[in-house]
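Have a look at this prediction, sequence included:
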Amino acid sequence: MISAKRIVVAVFLLASLARAGALITAQVVRDAVADAVGSAVSGWVVDANSWLGQGVRGPQYERRSVASAEAGTPLVLLTDDGTIVFPIQLRPPAITREINLKLKSYAQQRVRIGGRLIRRGPEKAIVIQYVTSEHDPAVDAPIPAEEPSRVEVVARVVGLNSWMGQDGSGPGDSAVKLARFGEPLVLVDDSGYVLYPVTKSTPSGPASHYLLADYAEHKVRVKGTLIERGKARAILVDNVSAYEPNLAQGNPGPGE
C-alpha cells in the first residue's frame, strides 16, 4: 500500500514538473515570437527614386512618393546612418505595389519597422511584420551626397526581391516575368552592392522596366552617373550593353 507521505511527494513532484513544463512552454513561445519578430529598425519611408536619384526627403514630398509607389517604385527605409533597407517578400511573385501597401500611408514619415532582417553582403532587407510611427527628431541634418561621377561599371542584372530575399539567380526569362509582375530589376556588382537605376522624372516607376529587362540575370556593362548617398548607391543610366569579358579584358576571343 502506498503511504500518504509518498502520495504527497508524488503530487509535489508532478506539480513541479507541470510548473517547469509551463515555464519551458512559455519560454519556447517567447523565443518563437522573438525569432518571428527578428529585428526592428527605425528611419524614414522614402521612395527609392526620389531619395537615391535626387536626395529629396520630407513631408512636402509625400504626394510624389505615393504617386511613385503606385507606379511601382519601391518604398524603402532610410536609416539614420544613410543605409537603405529594402522591404521584401520571401514568396514569389513579390509585387512591389503589394509591399508598398504596407508603407504607403507612412510615405515621407519616420517609422519603426519590425520583422525579419536579412543581410545580403553589404546590403539589408526586411520582411515586414509591423510598422509604427516614430517621432521625427527636431534636429534632422540632411545626408550629403558624394559628388556624382561618370562611371562605367560591370554588374549583374537581378530581381531586387529575388536577390535580397533568396539570393536568387536563374534564367533571364524568369526575371523578366517577375519584372512584369512589378519586381524591380537592379544591378549588383562583384562586391555585392546594389546599384539602383534611377531616373530624373517624377513621379516615376522603376527605371529597370525599360533599361534592364533585356539583360535579366546576365552581366552587363553600364555607363552613367554614379550617385553615392549615405551608404546607398544609385546610377543614372546612359547606356547598357552586354558584358563581353574577352573584349573587356583586351584578350583575344576564340579563334583569333
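Received the coordinates, thanks. Since this is a predicted model, take the numbers as computed values, not measurements.

CA atoms for contacts and neighbours, from now on please.
Noted.

any low-confidence regions in the stretch 51-200 of the chain?
92-94, 136-146, 166-182 (pLDDT under 70).

Strands of that one, start to end?
75-78, 84-88, 110-120, 123-133, 149-159, 185-188, 194-198 (DSSP state E, counting those that start in this stretch).

With mean neighbour count and distance to residue 240 added, can I get the ones you listed in JSON lines?
Formatted as JSON lines, the strands of the stretch 51-200 of the chain follow (neighbours: other Cα atoms under 10 Å; distance: least, Cα to Cα, whole Å):
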{"stretch": "strand 75-78", "mean neighbour count": "28", "distance to residue 240": "25"}
{"stretch": "strand 84-88", "mean neighbour count": "26", "distance to residue 240": "24"}
{"stretch": "strand 110-120", "mean neighbour count": "20", "distance to residue 240": "25"}
{"stretch": "strand 123-133", "mean neighbour count": "18", "distance to residue 240": "23"}
{"stretch": "strand 149-159", "mean neighbour count": "21", "distance to residue 240": "10"}
{"stretch": "strand 185-188", "mean neighbour count": "28", "distance to residue 240": "11"}
{"stretch": "strand 194-198", "mean neighbour count": "26", "distance to residue 240": "11"}
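
For residue 242, find the nearest of these.
For the strands of the stretch 51-200 of the chain, the distance to residue 242 is smallest for strand 149-159, at 9.5 Å, taking Cα to Cα.

okay, the strands of the stretch 51-200 of the chain in TSV with distance to residue 39 next?
Converted to TSV, the strands of the stretch 51-200 of the chain look like this (distance: least, Cα to Cα, whole Å):
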stretch	distance to residue 39
strand 75-78	14
strand 84-88	12
strand 110-120	6
strand 123-133	9
strand 149-159	24
strand 185-188	25
strand 194-198	22
